[in-house]
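Student: pasting the sequence and the predicted model now:
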Amino acid sequence: MRSVSEPTSPLQIADFRKYWTARFVAVLATISMVVLIGYQTYDLARTDYGMSPSEAALQLGLLGLAQFVPLFFLTPIAGIAADRFDRRRVVMFANGIDAGIALALAWTTWADVLTLPLLFVLAALHGTARVFNGPAFSAIAPNVVPPALLPKAIAMSSISWQVGSVLGPALGGALFAWEPALPYALSAAMLVLSATLVALIRPIRAVHEGPPIHPVRQMIDGFRFVKRERFLQGCITLDLFAVLLGGATAMLPVFARDILEVGPLGLGLMRGAPAVGAVLVGLWLSWRPIETQVGPKMLWAVVVFGAATIVFGLSRDFSLSLAALGVLGAADMVSVFVRNSLVQLNTPDVMRGRVSSISGLAISASNELGEMQSGLAAALLGATGAVVFGGVGAIVVTGLWAWLYPELRRVRTFSSQYLDEQAAREILK
């Protein structure tokens, strides 16, 4: 029988409320920055550099590559930092760096001295800050809520991300249309606020115990554990390849400027539409979490994600495009909720930072390399062809993964049925 003093909701826990708000504010800031960096890249390429739509779309692909390179090399180190140090301090450090980048973007935009090379450098630095933020932020939630409340906490945490993803682009697009430097200055202030809220969470001790282990060995341990655990491997790589191909959001600046002709405000609405669908589903999941047939539901959600991507690519009506993006976000929310819950519940705490960093690397690869893939495909097939090709690819990958990793099809509940503490201890010997 549940004790009357035991919380029944993550929101009853003060540290979780600070965590939720801090993540919401940080996402509000960073998603706004990501959207506007993409729009400025495409717009500068078309206006200041006189590039054609296909050539400018290729610049978006190169922008994704510029952000992925630091993520690829630094993500394992970020996972180690999340396991060896107080995770709050790692998040505070990353948010502080990102606030400085936001101020640099604000000044260069205001002074009208922003160039494509400088924009690429600042985007790469922004990716560097994000790589340290992600694993540490994700690994804080299991430390501030009891295991029984973790699925609800993950759903609520996803809501904070998705609400920020709705408001950030819309607010950023509106402010950019008024004064281009203003949204970057506001992002800097919000990142400082997020760091302050994280500082107010009770200290979280590093989970590594025993004699010091060389950082390279720690990185290898994390990859060995994921490689050994096929279930975790399947969850992480499904997101990597499905979203890598189905990255419709990478082409949104092209659709906003040259296809649907809705400008930066329309771009903000389109960039926020997936998050609207995700928020609605996230609210439902926080009230009525998925409890049965979780594996099949995750796989079908990715199929719907791919189908909605195809509809968006073919649409020439702004309302239909928004609706397709909303369905895309709703389906992605189901997949993210199930995958994150399964990964967290089936990973020993001593490995959570490293596994979160590997999962974060997969997500980053799917997003940033997805942008590069979309940019290259757009240069060959056009923006519409690139988006449709990606949606079809996401559906094909899901079918292939359901066959390669039957464990994903067989998962029925969120019980820690694949958690292997002994495997973690053997790897750490």
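Tutor: That came in fine, so what should we check first?

Student: contacts and neighbour counts: CA atoms only from here.
Tutor: Noted.

Student: quick one: the closest residue to I201 other than its chain neighbours from A185, how far?
Tutor: With Cα to Cα, 6 or more residues apart in numbering as the criterion, I201 has its nearest non-adjacent residue at 5.3 Å, and that residue is D15. When distance is defined by Cα to Cα, to the nearest Å, D15 is 28 Å away from A185.

Student: repeat that for P169.
Tutor: Taking Cα to Cα as the measure, P169 falls 14 Å from A185.

Student: quick revisit: which other helices and strands contact the helix or strand where the residue nearest to I201 lies?
Tutor: Secondary-structure assignment from DSSP states H and E places D15 in helix 14-47. In terms of contacts (3 or more Cα pairs under 8 Å, 6 or more residues apart in numbering; DSSP states H and E), helix 14-47 is packed against helix 53-84, helix 116-144, helix 150-178, helix 182-199, helix 252-254, helix 263-287.

Student: and the contacts of the fifth one?
Tutor: If I follow you right, that is helix 252-254. Contacting residues not belonging to helix 252-254 are listed as G38, Y39, Y42, P53, A57, L267, M270, R271, A383 [Cα atoms under 8 Å, 6 or more residues apart in numbering].

Student: what helix or strand does the closest residue to P296 other than its chain neighbours sit in?
Tutor: With Cα to Cα, 6+ apart as the criterion, P296 has its nearest non-adjacent residue at 5.2 Å, and that residue is R409. Assigned by DSSP H and E, R409 belongs to helix 406-410.

Student: dump the C-alpha coordinates for that helix into CSV.
Tutor: Output in CSV follows, covering the C-alpha atoms of helix 406-410 (Å, rounded to 0.1, in the frame of the first residue of the first chain):
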residue,chain,number,x,y,z
PRO,A,406,12.6,-9.0,-32.6
GLU,A,407,13.1,-7.9,-28.9
LEU,A,408,11.5,-4.6,-29.9
ARG,A,409,8.4,-6.3,-31.1
ARG,A,410,8.2,-8.5,-28.0
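
Student: from memory L328 sits against V311, does it?
Tutor: No. With contact defined as Cα atoms under 8 Å, L328 and V311 do not form a contacting pair (9.7 Å).

Student: so for those two, which sits in the more crowded spot?
Tutor: Looking at L328 and V311 with other Cα atoms under 10 Å, you find the greater number of neighbours at L328, namely 30 against 19.

Student: do you know how far that one is from A57?
Tutor: When Cα to Cα is the yardstick, L328 and A57 sit 22 Å from each other.

Student: which one of P169 and A185 is surrounded by more residues?
Tutor: For P169 and A185, the more surrounded residue by other Cα under 10 Å is P169, and the numbers stand at 32 against 20.
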